[in-house]
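Engineer: okay, here's the prediction I keep looking at, along with the sequence it came from:
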Amino acid sequence: MPSKQILLVEDDPAIAEPLIYALEREGWKVHWVTLAAQALERLAIMPHDFIILDVGLPDMDGFDLCRAIRQQWTTPLLFLTARSEEIERIIGLEIGADDYCAKPFSPREIISRIKVIWRRVHLQDTLQSIVTSKSEITEKPSEAKHLIAWGEWRFNLLTFHVTYYDKTLNLTRYELRLLEVLLKQPERVWSRGQLMQAAWEHPDHSLERTIDSHIKTLRQKLRMIHPIDPIQTHRGLGYSLSRS
């Protein structure tokens with residue numbers, strides 16, 4: 001079996017070198033870069049099995065780099081952060097990271113987190129493969145109950161596969177959750193607080209303005225498929241989903 005390929009994006013050698021040593025002792029191949037631009041170049045050259053990303057990079061904020069990565073790749077990603085504020089960590093997870101680890105940390109902790117994430121991803125992939133294989137034969141009544149079909153939308157609640165006008169959408173975790181909430185009760189007006197409570201894991205630790213940010217990126221992806229915006233803004237009230 002080929003060794004796992006890990007991309008480490010960290011500008012501090014004092015942090016990177018002992019971490020590389022520990023990762024390579026696991027039999028994994030580590031590609032170390034110090035700049036965001038180098039990380040994007042390497043990702044374009046070859047696939048990686050995992051990304052370890054420092055939030056504080058010299059040429060780009062780690063959160064912005066994560067957003068750029070998630071536009072093209074779904075590689076599991078873990079943030080390294082020296083910022084103590086809980087909101088910074090939560091924002092990192094909301095924009096597409098799978099986990100975070102606050103400095104200082106032990107290399108052993110990073111390795112444990114990577115293995116947990118890989119197990120979770122493998123389980124999700126296995127489940128999706130099973131469901132996809134079944135759907136290729138026939139859609140059974142028991143499977144149909146996991147499908148939201150409304151207008152031009154198809155949302156499989158088991159595989160989180162979403163199509164809009166027969167085009168597959170590549171969405172982040174929280175974009176998927178927002179869309180699921182909106183699709184389950186289309187045309188209902190949801191306040192930001194209600195959407196936060198329904199879609200977020202830690203709503204009490206998140207800012208309601210985060211909803212606006214995710215709605216904005218979701219709209220951008222939908223407009224690439226169809227020009228009419230199905231997400232309606234109700235001033236002073238919130239958002240609803242309507243037929244395009």
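Structural biologist: Thanks, I have it.
Engineer: find the nearest non-adjacent residue to Trp28, please.
Structural biologist: If you skip the residues right next to it in sequence, Trp28 has Lys4 as its closest partner in space, 4.4 Å away by CB to CB, 6 or more residues apart in numbering. C-beta here means a position set from N, CA and C on the backbone, and glycine is covered the same way.
Engineer: all strands of the protein, in order?
Structural biologist: Counting by DSSP state E, residue ranges of the strands within the chain are 5-9, 29-33, 50-54, 77-81, 99-102, 147-150, 153-156, 161-164, 167-168, 231-234, 238-241.
Engineer: lowest mean pLDDT across the ones you listed, which one is that?
Structural biologist: Per-stretch averages of pLDDT across the strands of the chain put strand 99-102 at the bottom, with a mean of 84.
Engineer: now do the buried residues in that one.
Structural biologist: By neighbour count, with 16 or more other CB atoms under 10 Å as the criterion, the buried positions of strand 99-102 are 99-101.
Engineer: that strand packs against which elements?
Structural biologist: Using 3 or more CB pairs under 8 Å, 6 or more residues apart in numbering; DSSP states H and E as the contact criterion, the neighbours of strand 99-102 among helices and strands are strand 77-81, helix 86-94, helix 107-137.
Engineer: and the most centrally placed residue in the chain, how far is that from Arg188?
Structural biologist: The structure's the chain has its C-alpha centroid closest to Gly96; by CA atoms, centre = their mean the separation is 3.0 Å. In this structure, Gly96 and Arg188 are 27 Å apart, going by CB to CB, to the nearest Å.
Engineer: next one: Ile225
Structural biologist: From Ile225 to Arg188 the distance is 23 Å (CB to CB).
Engineer: would you list the strands of the chain in a markdown table and tack on distance to Arg192?
Structural biologist: Compiled in a markdown table, the strands of the chain are given as follows (distance: least, CB to CB, whole Å):
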| stretch | distance to Arg192 |
| --- | --- |
| strand 5-9 | 33 |
| strand 29-33 | 38 |
| strand 50-54 | 28 |
| strand 77-81 | 25 |
| strand 99-102 | 24 |
| strand 147-150 | 22 |
| strand 153-156 | 22 |
| strand 161-164 | 22 |
| strand 167-168 | 28 |
| strand 231-234 | 11 |
| strand 238-241 | 6 |
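Engineer: burial of Lys184, as a residue count?
Structural biologist: By other CB atoms under 10 Å, the residues close to Lys184 number 14.
Engineer: wait, it touches Ile148, no?
Structural biologist: Yes: taking CB atoms under 8 Å as the definition, Lys184 is a contact partner of Ile148 at 6.7 Å.
Engineer: could you pull up the residues touching His214?
Structural biologist: With contact taken as CB atoms under 8 Å, 6 or more residues apart in numbering, His214 is in contact with 94, 172, 174-175, 178.
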